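Engineer: here are the coordinates; sequence isn't available:
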């Protein structure tokens, strides 16, 4: 049997070839399932925890090419520990300086994969107007088709330990309040 190539066949084949190559998927952070939390030891005794109530951002993910880009913006004034006086102190120049610097930002540009699962995202964390590299390791990652949102969703749990003094947040270190802060980012993002 001899196949004939017609202009219509060529258009169809080129369209199928383009469809076979997966393009990067664009996602928007879903705020009801996304929170940035932090933990610090209180004089090496108990663990103090707080979270930011407002996190926004977008993600571009190409699981086939194993690349991605994430931009996560955190409203520092939305910090919530459950203790009003502590929240007020966290917003001062001793810590987050929310009046002067209302946003913290993480821009992830290097994605690590195991198969099609993201295992880590390396990028830059800007906090108090200072930008330094940070790697967020995934403790969980998954993508699914949400029956509620009627959309494809990817996300997971990511964490890193940072030394807050590297960003100029040194209050209390000389008094025994630890410099190490454990960041935990719980994120889900919806494909556009």
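Structural biologist: That came through, no problem. Remember, predicted model here, so these are calculated numbers, not experimental data.
Engineer: how about residue 88, secondary structure?
Structural biologist: helix (DSSP: H, G, I helix; E, B strand; the rest coil).
Engineer: need the pLDDT of it.
Structural biologist: For residue 88, the pLDDT comes out at 98.
Engineer: tell me the contacts of it?
Structural biologist: Contacts for residue 88 (Cβ atoms under 8 Å, 6 or more residues apart in numbering) come out as none. No exception for glycine: its C-beta is placed from N, CA and C like everyone else's.
Engineer: now for residue 133: which residues touch it?
Structural biologist: 122, 123, 124, 125.
Engineer: redo these as TSV? Include neighbour count and distance to residue 86.
Structural biologist: TSV is the format used below for the contacts of residue 133 (neighbours: other Cβ atoms under 10 Å; distance: Cβ to Cβ, whole Å):
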residue	neighbour count	distance to residue 86
122	15	31
123	21	29
124	13	28
125	22	22
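Engineer: now what about stretch 157-168, what contacts it?
Structural biologist: Residues from elsewhere that reach stretch 157-168 (Cβ under 8 Å, 6+ apart): 120-121, 125, 127-128, 130, 132, 134-140, 170, 173, 179-187.
Engineer: what are the buried residues along it?
Structural biologist: Residues of stretch 157-168 classed as buried by neighbour count (16 or more other Cβ atoms under 10 Å): 157, 158, 159, 160, 162, 164, 167.
Engineer: the strands in the protein, which residues?
Structural biologist: 25-29, 35-42, 46-52, 55-62, 67-75, 79-80, 103-114, 117-127, 130-146, 151-163, 180-191 (DSSP state E).
Engineer: between these, which gets nearest to residue 90?
Structural biologist: Proximity to residue 90 (Cβ to Cβ) singles out strand 79-80 among those, at 5.0 Å.
Engineer: what lines up beside that closest one in the sheet?
Structural biologist: Strands that pair with strand 79-80, judged by DSSP bridges, come out as strand 46-52 (antiparallel).
Engineer: off-centre distance for the strand it pairs with?
Structural biologist: Distance of strand 46-52 from its chain centroid, counting by Cα atoms, centre = their mean, to the nearest Å, is 18 Å.
Engineer: and for stretch 64-83?
Structural biologist: The chain centroid and the centroid of stretch 64-83 are separated by 4 Å, computed with Cα atoms, centre = their mean.
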